[in-house]
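>>> sequence? don't have it. structure:
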């Protein structure tokens, strides 16, 4: 059987779902191939979305017209804004989700997306053709490789102009619990065999990585009186800037009409607490007794695991003097007893895991649904990709998610969105969609991958972004919605929703810029708020710049400001927060924007195809090797490659001048 599509997406995880929706919403006839339609966007590890820098990525996905933010809002059971004690450049939203409802909300989203079909099967072979390279419509002796589709294990042949590989941890996946090894891409699910080999035979390099997940517990067996309760924020934020998120189609969940009546302070599902607990020397002693059988330390696992989400046994070896490690017990949903022990990822023998966790106060009687395990899987060297996430070797082949060496749902979804967009645009013959490092965390992520490559699973942090004052979680729609509307992903209603917000932010800024404050009238209130009295009159924006003051407490002492904000038609808190940040940090934002604009000058100098780097003896040997291997598009990208020095960049600048 032969199926014909514009774009076929392989894998129904977070990257695959965003890629498929983006491609279809732009207008390409799209097929999503997944092993199990009942596990669409499965949260393989912790049931949470967002976190440090990851939350910014989800906001960016939403601003571009992606779906992760809206699905998260509809299924969130706890919301927290992290880092609020620091500046807004690093504020990061995070939500616990109902794992089951998250899957079905995504499934409903896919089912309702025009131009999108789903095929339950497993891709086994990438179909590639050699085609002559034409120059000015004249055939040459050279050929190039072009993807034409995939073949599945059941013999279906799916032809497509573009293929997006988002296979997650399934490519030759191998699971480990102690010395026991079982092939699989996730617990109780088969590995995808042969697909890697059908890709690497065309010259694409692959390697192996490792990740893991913790034990799952029955909450009925836990003594919560001995744990520390951790509630979410009193005011649940949303990830999505767009109103009225949909909700899972289940009798116990409110309808869409009911959700539309919720205010900014309400959430569709009950909000549940998480719980804190700690390991102790007795736990550590038990864990150490199993190290000889740990796949990480007996040579069974050779690949590299995530540095920033280590297993509990790695923590013991790396920090031998630590007497305790913090763990978080997180609910999996509102209608399940399953709980996730965050921080206790392990591949030790199951009896060692269980005996160790029962030495944690509160978990002495804990019953286990399943132990933690490690998984090894194939990934492909991301330096072989363009910034569009299209392969440099096989035309029309795109890759996104953990197959590019990343870790995390959010990093995967951001890549999937970009790959899906560019696959659809390639079918349409229109311009590529690429985001720069000063435009989005997704842009930083992709540039790091294709420029620097990976030697361990890549995780996004705010520290990776040099322009993080410009890349705040509050202004992703300001940075990206108009760009997305131009390519046809963000629709008219979302665009107009942003324009309305933009107008109201500017109105607040203008009000604060022009509203006069008299020292004599305001000073008693300023002293009560713990800030220095005024010597003379100022404008309201000058007060907002003070650390002790904000639009919320100023409304209590300036009735005109309160009346002005109350007149906003909707999203008052969201708009006021955005306006306040722009006023309070105006100088920092402008300074960083100037730095970014200077770097754009190097971004505009295209060097791809201009040089034979091996022949330029004035470049260092390492520089010649790195530039030849990565073949950067611009001088700015070249400057970010490890091993390329400022003096090497100056040499290229001189040669470009000639």
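Great, that's in hand. Every value quoted in this text rests on a predicted model; they were computed, and no experiment measured them.
>>> for this structure, what are the low-confidence residue spans?
134-140, 236, 244-266, 658 (pLDDT under 70).
>>> what about the longest strand in it?
strand 138-152 (DSSP state E).
>>> Which positions in it come out as buried?
145, 147-152 (16 or more other Cβ atoms under 10 Å). The way it works is simple: take the backbone N, C-alpha and C, and place the C-beta from them, glycine included.
>>> residues in contact with the closest residue to residue 26 other than its chain neighbours?
Counting by Cβ to Cβ, 6 or more residues apart in numbering, the nearest residue to residue 26 once its immediate chain neighbours are dropped is residue 424, at 4.0 Å. Taking Cβ atoms under 8 Å, 6 or more residues apart in numbering, we find residue 424 in contact with 6-7, 22-24, 26-28, 30, 162.
>>> Point out the ones among the residues you listed that are inside helices.
Cross-referencing the contacts of residue 424 against helices under DSSP state H gives 22-24, 26.
>>> How about the contacts made by residue 576?
Here residue 576 is in contact with 508, 551-552, 565, 568 (Cβ under 8 Å, 6+ apart).
>>> rerun that using 10 Å as the cut-off
504-505, 508, 550-552, 555, 561, 564-565, 568 (Cβ atoms under 10 Å, 6 or more residues apart in numbering).
>>> next one: residue 226
By Cβ under 10 Å, 6+ apart, residue 226 lies in contact with 275, 277, 360-364.
>>> ok, 6 Å please
361-362 (Cβ atoms under 6 Å, 6 or more residues apart in numbering).
>>> if you count residues, which helix in the protein comes out on top?
helix 492-514.
>>> for whichever helix or strand comes after that helix, the distance to its chain's centre please.
Later in the chain than helix 492-514, the nearest helix or strand by DSSP states H and E is strand 516-517. The chain centroid and the centroid of strand 516-517 are separated by 43 Å under Cα atoms, centre = their mean, to the nearest Å.
>>> Pairing partners for strand 516-517, with directions?
strand 538-539 (antiparallel) (DSSP bridges).
>>> so residue 196 sits in a helix?
Yes - checked against DSSP: H, G, I helix; E, B strand; the rest coil, residue 196 lies within a helix.
>>> Any figure for the gap between it and residue 183?
13 Å (Cβ to Cβ, to the nearest Å).
>>> Between the two, which has more neighbouring residues?
Taking neighbours as other Cβ atoms under 10 Å, residue 196 and residue 183 compare with residue 196 leading, 22 against 11.
>>> Verify the contact between that one and residue 171 for me.
Yes - the criterion here is Cβ atoms under 6 Å, and residue 196 meets it with residue 171 at 4.8 Å.
>>> got any residues that touch both of those two?
By Cβ under 6 Å, 6+ apart, residue 196 and residue 171 have these common neighbours: residue 378.
>>> tell me what the longest helix of the chain is packed against?
Using 3 or more Cβ pairs under 6 Å, 6 or more residues apart in numbering; DSSP states H and E, the elements in contact with helix 492-514 are helix 476-487, helix 540-544, helix 572-584.
>>> Now render those helices as a markdown table, adding distance to residue 613.
Formatted as a markdown table, the helices and strands packed on helix 492-514 follow (distance: least, Cβ to Cβ, whole Å):
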| stretch | distance to residue 613 |
| --- | --- |
| helix 476-487 | 33 |
| helix 540-544 | 51 |
| helix 572-584 | 43 |
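>>> Verify the contact between residue 551 and residue 580 for me.
Yes - judged on Cβ under 6 Å, residue 551 makes contact with residue 580 at a distance of 4.7 Å.
>>> dump the residue contacts of the spatially most central residue of the chain.
Residue closest to the average C-alpha location in the chain (Cα atoms, centre = their mean): residue 410, at 2.2 Å. Neighbouring residues of residue 410 by Cβ under 6 Å, 6+ apart: 54, 57-58.
>>> Who are the contact partners of residue 409?
Contacts of residue 409 by Cβ under 6 Å, 6+ apart are residue 14.
>>> quick one: residue 431 from residue 537, how far?
Where residue 537 is concerned, residue 431 sits at a distance of 51 Å (Cβ to Cβ).
>>> Neighbour count: these two, which is higher?
Neighbours were counted for residue 431 and for residue 537 using other Cβ under 10 Å; residue 537 has more, 13 against 10.
>>> Please give me every residue in contact with that one.
Counted by Cβ under 6 Å, 6+ apart, residue 537 has contacts 517-519.
>>> Against residue 533, how distant is the closest residue to it other than its chain neighbours?
Distances taken as Cβ to Cβ, 6+ apart place residue 518 nearest to residue 537, at 5.2 Å, with adjacent residues excluded. According to Cβ to Cβ, residue 518 and residue 533 sit 12 Å apart.
>>> give me every residue that touches residue 415.
15, 400-401.
>>> That one and residue 645: what is the separation?
In terms of Cβ to Cβ, residue 415 sits 29 Å off from residue 645.
>>> now do residue 159
Taking Cβ to Cβ, one finds residue 159 at 47 Å from residue 645.
>>> what do you get for residue 169?
Counting by Cβ to Cβ - residue 169 and residue 645 are separated by 37 Å.
>>> These two: which is more packed in?
Set residue 169 next to residue 645 and count neighbours by other Cβ under 10 Å: residue 169 wins out with 28 against 13.
>>> Wait, the more buried one touches residue 185, no?
Yes - using Cβ under 6 Å, residue 169 is in contact with residue 185, at 5.4 Å.
>>> Which residue ranges of the stretch 101-250 of the chain form helices?
195-200 (DSSP state H, counting those that start in this stretch).
>>> show me the contacts for the closest residue in space to residue 488 that isn't next to it in sequence.
Excluding the flanking residues, the one nearest residue 488 by Cβ to Cβ, 6+ apart is residue 26, at 5.1 Å. Contacts here follow Cβ under 6 Å, 6+ apart; on that basis residue 26 touches 424, 488-489.
>>> try 8 Å this time
So residue 26 contacts 420-421, 424-425, 428, 487-489 (Cβ under 8 Å, 6+ apart).
>>> Among these, which lie within helices?
Per DSSP H, the subset of these in helices is 420-421, 424-425, 428, 487.
>>> I'd like to know how many residues surround the residue nearest to residue 537.
For residue 518, using other Cβ under 10 Å, the count is 11.
>>> What of the one 5 residues further on?
By the measure other Cβ under 10 Å, the count of residues near residue 523 is 16.
>>> would you say residue 415 is within a helix?
Yes - assignment of residue 415 by three-state DSSP places it within a helix.
>>> Give the closest residue to it in space, chain neighbours not counted.
residue 400 (3.8 Å).
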